[in-house]
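Undergrad: Quick one, structure for this:
(2 chains)
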Amino acid sequence: RKEVEQDPGPFNVPEGATVAFNCTYSNSASQSFFWYRQDCRKEPKLLMSVYSSGNEDGRFTAQLNRASQYISLLIRDSKLSDSATYLCVVAQGGKLIFGQGTELSVKP
Amino acid sequence: GAGVSQSPSNKVTEKGKDVELRCDPISGHTALYWYRQSLGQGLEFLIYFQGNSAPDKSGLPSDRFSAERTGGSVSTLTIQRTQQEDSAVYLCASSLVGDATSYEQYFGPGTRLTVT
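TA: Numbering: from 1, shown residues only, chains lettered A, B, ... in the order given. Here you go, the predicted structure:
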């Protein structure tokens, strides 16, 4: 079993749609949680950290459920520019463990 | 300011040859990480440096892989006797301190390695 598992993609949605990504992690000792965004043939960039209380950044909302070892990302009012691969990431000590990523394609 | 830089951006090599990949972290960042991303796969952790020492080498896939960091700055990842399964994008990241739970890692553009 992979340490971090994500919904398989791709997700193809129209502009303005709301889309949700889910992720589970296997190591209960994981300490911090993040969503990264990776554009095609580019390096990953931090989108947002994920906290147990849930956190929001504009159209993006991230939530963490430690008991279920589950992380989510909600994107509201999707834009064409949101098209990318979204990586669920877990931090364990000195390293980041990445999920395989979920590809999102937003169409006009 | 300058971000993480990596060289070369692309490398094509024949099976069995050795390759060296270079990473120049953000100035002042003490922690440096190497990952690789195979086609259609997520990033796979290889090794992490805090200063010049490597507290975690657990991700190196075989003894053909080694890395060093000198002067607390530039790092090189060496792959000896390359195999076709080594073909991937090798990404380097740096952070202010080697605590992945609290400090953002900034990634370089990667080196795309193709072993023929």
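Undergrad: List the contacts of stretch A:51-70.
TA: A:22-26, A:28, A:30, A:33, A:35, A:47-50, A:71-77, A:79 (Cβ atoms under 8 Å, 6 or more residues apart in numbering or on different chains). For the C-beta atoms, the positions are set from N, CA and C on the backbone; glycine is no exception.
Undergrad: now, which of those lie close to chain B?
TA: With the criterion set as Cβ under 8 Å from any Cβ of the partner chain, no member of these is near chain B.
Undergrad: Now the buried members of the residues you listed.
TA: Listed as buried from the contacts of stretch A:51-70 are A:23-25, A:30, A:33, A:35, A:47-50, A:71-73, A:75; burial here means 16 or more other Cβ atoms under 10 Å in any protein chain shown.
Undergrad: residues touching residue A:36, list them.
TA: So residue A:36 contacts A:44-47, A:86-87, A:89, A:98 (Cβ under 8 Å, 6+ apart).
Undergrad: I meant to write residue A:26 there.
TA: So residue A:26 contacts A:1-5, A:69 (Cβ under 8 Å, 6+ apart).
Undergrad: Quick check: which helices or strands does the lowest-mean-pLDDT helix or strand in chain A pack against?
TA: None of the helices or strands of chain A scores lower by mean pLDDT, DSSP states H and E than strand A:95-98, at a mean of 89. Contact here means 3 or more Cβ pairs under 8 Å, 6 or more residues apart in numbering or on different chains; DSSP states H and E; on that basis strand A:95-98 packs against strand A:84-92, strand B:31-37, strand B:43-50.
Undergrad: and the first one, what's its mean pLDDT?
TA: Spelled out, that is strand A:84-92. Strand A:84-92 carries an average pLDDT of 93.
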